[in-house]
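A.B. asks: Would you be able to build a 3D model of this:
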Amino acid sequence: MTTTADLDALPVVDFSTLGTSEAADRALAHELDAIFCGIGFCYFRNIGVPQPLVDGLFRESARFHAQPEPTKRALAMNATHRGYMAPNTSQIVTSSVASVKRPNYSESLMLMHEVAPTDLRHGTEVHGPNQWPDLPGFRPAIEAYEAAIRAFCLKLLRPMALALDLPPDWFLPHFAKPTTFLRLLHYPPQPADAPDDAFGSAPHTDYGFLTILCQDTAGGLEVRRADGTWLPAPPIPGTWVVNVADMLSRWTNKSWQSTPHRVKNLSGGDRYSNPYFFDMDMDSTVACIPTAADPPRFPPVRYGDYLMERLDKNYAYRKA
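C.D. replies: Predicted coordinates for the structure are as follows:
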C-alpha cells in the first residue's frame with residue numbers, strides 16, 4: 001500500500017490498457033486501491049483525451065481571463081452555481097483543514113453540466129444552462145474537452161468498482177445524470193510579501209466523488225502527507241492530477257482517503273489550472289458500500305442535499 005509519511009512523489013497510473021481485458025481492468029483496480037487507501041492522490045496518463053483538446057482548454061481559459069474585469073463580472077455567478085467568480089470571493093469553510101481567515105487569491109469561470117429549459121430539473125439546485133462568454137470558438141473548445149473527460153470518467157467507474165470488490169457496473173446507476181463542474185481557474189502571481197496564510201487555494205478537501213485536474217507548468221499544488229508535511233505535485237506533461245473527494249471517501253467508509261491539498265502560486269507569473277469535478281446524480285443516495293469491512297461510519301445522505309449545504313457556506317454570492 002502507498003503510504004504518505006515517507007512519500008517523495010505522487011505515483012503515476014497509466015490507463016492505456018483500460019477496457020482491453022478483464023485482467024487489465026483488475027490490475028488497474030489493484031493499483032487504484034493501493035493509492036486511494038494511502039495518499040488518495042496520483043497522476044493519470046493515457047486517459048484518451050487528445051492533446052489538442054487540452055491545448056484548446058488552456059487557450060480559451062487564458063482568453064476568458066484576459067478580458068476586462070467588467071466584461072467578466074457581467075457573467076457573475078448565478079443561483080445554479082454557474083459563471084464568473086472574481087478574486088477574493090470564495091473562502092473554504094466546510095471542507096477546510098485549517099483556520100482560513102482569507103478568501104482564495106484566484107478567479108474562475110464555473111461551467112457545469114448543461115441543463116435545457118425543457119428538463120424538469122431546470123432551475124432547481126444547480127441545474128440550469130451555463131453562462132457562456134461572447135468569445136468565438138470558446139464554447140466548442142470547452143465542450144469538446146468536457147465530453148472527452150466525461151467519457152473517460154464513465155469508463156473509470158468499472159475498475160473503481162472492481163477495486164472495492166463490487167460488481168463492475170455498481171456505480172453506473174449513480175451516474176446516469178452526473179453532476180459535473182469544469183472550473184477554469186486563474187491564479188495571479190502572489191506578492192513576495194504575501195502573508196503565510198494567503199493562498200491561491202487554502203488547504204481543503206474536495207466535496208464530491210473524484211477530481212481530475214489539468215494544470216499548466218507554473219506549479220504550486222501541494223498534497224498533505226499523514227505527518228502534516230506538504231508534498232509538491234509538480235506538473236508532468238501528458239498527465240492529470242487525480243484525487244479522491246469527500247463523498248467517495250464517505251462511500252467507501254473512509255477506506256479511500258480524501259486528502260487535503262492547497263495552492264500557492266509562487267512562480268512569479270500567472271497560473272492556470274482546470275479541475276474537473278465528476279460527481280454523482282444530485283438525487284443519488286450515498287450509503288456505505290456493502291463490501292466495507294467495518295460498520296458504517298456515516299448515515300446515508302442525498303448527494304444534492306450535501307452539496308447545497310457546502311455551496312451555501314463557502315461562496316459569497318450565495319450569502320448575498
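A.B. asks: and the helix or strand that contains V242, how far out from the chain's middle?
C.D. replies: Per DSSP states H and E, V242 falls inside strand 239-244. Its chain's average C-alpha position is 8 Å from that of strand 239-244, according to Cα atoms, centre = their mean, to the nearest Å.
A.B. asks: What is the subsequent helix or strand relative to that strand?
C.D. replies: Following strand 239-244 in sequence order, the next helix or strand is helix 246-251 (DSSP H and E).
A.B. asks: elements contacting that next one?
C.D. replies: strand 285-286 (3 or more Cβ pairs under 8 Å, 6 or more residues apart in numbering; DSSP states H and E). Where C-beta positions appear, they are placed from N, C-alpha and C, glycine not excepted.
A.B. asks: Direction included, what does the strand it packs on pair against?
C.D. replies: Partners of strand 285-286 in the sheet, by DSSP bridges, are strand 301-302 (antiparallel).
A.B. asks: For the partner strand, give me every contacting residue.
C.D. replies: With Cβ atoms under 8 Å, 6 or more residues apart in numbering as the test, strand 301-302 has contacts from 250, 282-287.
A.B. asks: 10 Å instead, please
C.D. replies: 247, 250, 281-287, 307-309 (Cβ atoms under 10 Å, 6 or more residues apart in numbering).
A.B. asks: circling back: give me the helices and strands touching the strand holding V242, please.
C.D. replies: strand 12-14, helix 22-37, strand 41-45, helix 138-163, strand 210-215, strand 221-224, strand 271-279 (3 or more Cβ pairs under 10 Å, 6 or more residues apart in numbering; DSSP states H and E).
A.B. asks: what about 6 Å?
C.D. replies: strand 41-45, strand 210-215 (3 or more Cβ pairs under 6 Å, 6 or more residues apart in numbering; DSSP states H and E).
A.B. asks: Under the pLDDT cut-off, which ranges of the stretch 1-150 of the chain? List them.
C.D. replies: Across the stretch 1-150 of the chain, the ranges flagged by pLDDT under 70 are 1-6, 89-102.
A.B. asks: for it, what spans make up the helices?
C.D. replies: For the stretch 1-150 of the chain, applying DSSP state H, counting those that start in this stretch gives helices covering 22-37, 51-65, 69-73, 138-163.
A.B. asks: In JSON lines, list those helices along with distance to A176 and mean neighbour count.
C.D. replies: Listed next are the helices of the stretch 1-150 of the chain as JSON lines, based on distance: least, Cβ to Cβ, whole Å; neighbours: other Cβ atoms under 10 Å:
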{"stretch": "helix 22-37", "distance to A176": "21", "mean neighbour count": "18"}
{"stretch": "helix 51-65", "distance to A176": "25", "mean neighbour count": "17"}
{"stretch": "helix 69-73", "distance to A176": "34", "mean neighbour count": "13"}
{"stretch": "helix 138-163", "distance to A176": "10", "mean neighbour count": "19"}
